[in-house]
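A.B. asks: with the input below, show me the fold.
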Amino acid sequence: MENYIFWTFVLAVLAVASAGAAVFVRAYLTGTPPSALLFRPKGERRLEVIDHASIDGKRKLVLIRRDDVEHLLLTGGPVDVVVETGIKGAAAKPAVIRPDEPEAPIRRAPIFGRARETAPLGGTPEL
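C.D. replies: Below you'll find the predicted structure:
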C-alpha cells in the first residue's frame, strides 16, 4: 500500500514538471515571457452597462453600449426584449446651473383643466 502512494506522488510530480516544461518551451519558441500564458493583457472592452433602472420586482431596463452604439433592453419578463437599438452614444454631460441664468418656473400638469405654476425654490406659487 505504501508503494502505491509513493508512485502516485511520483507520477503527480512528473505531470506538474511536464506541464511546466511545456509552458517554458512554448514561451521560448514564441519569444514571449512564460507568465504571458496566464496573465495576458485584456483587449479593449467593447461592451459596458451604461445605466439600469428597476421597473418592478422582476423587470429591469438596461442601457448597454457596444462599439459606441447604445441599446435599451427590457429584461426579467417572460421574454427579454430589445426596446430600442442604434442609439448614438453621447458623452454624459453633468447638469450645471449657471448663476447668471434666470430659472424658468416649473410647470405642472393641469389640475381640473387649468394649468398651475410653482415658483422656483421657496417662492409663492402663481395661480
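A.B. asks: show me where the protein has its helices.
C.D. replies: 2-30 (DSSP state H).
A.B. asks: in it, which helix or strand is least confident?
C.D. replies: Least confident element among the helices and strands of the chain, by mean pLDDT, DSSP states H and E: strand 117-118 (a mean of 50).
A.B. asks: outline the domain layout of this protein.
C.D. replies: Structural domains assigned to the chain are 2-37, 47-88, following automatic domain parsing.
A.B. asks: list phi and psi for Lys42.
C.D. replies: Backbone torsions of Lys42, given as degrees, to the nearest 10, read phi -80, psi 150.
A.B. asks: just say which of the domains of the chain is most tucked in.
C.D. replies: domain 47-88 (a mean of 12; mean count of other Cβ atoms under 10 Å). In short, each C-beta sits where N, CA and C put it, glycine included.
A.B. asks: quick check: mean pLDDT across that domain?
C.D. replies: Domain 47-88 comes out with an average pLDDT of 88.
A.B. asks: quick one: end-to-end distance for it.
C.D. replies: 14 Å (Cα to Cα, to the nearest Å).
A.B. asks: try stretch 55-64
C.D. replies: Counting by Cα to Cα, the terminal residues of stretch 55-64 are separated by 17 Å.
A.B. asks: ranges for the strands of this structure?
C.D. replies: Counting by DSSP state E, the chain has strands at residues 47-54, 60-66, 69-75, 81-88, 106-107, 117-118.
A.B. asks: relative to Ala36, which of these is closest?
C.D. replies: strand 47-54 (24.3 Å; Cβ to Cβ).
A.B. asks: who does the closest one touch, helix- and strand-wise?
C.D. replies: When contacts are defined as 3 or more Cβ pairs under 8 Å, 6 or more residues apart in numbering; DSSP states H and E, strand 47-54 sits against strand 60-66.
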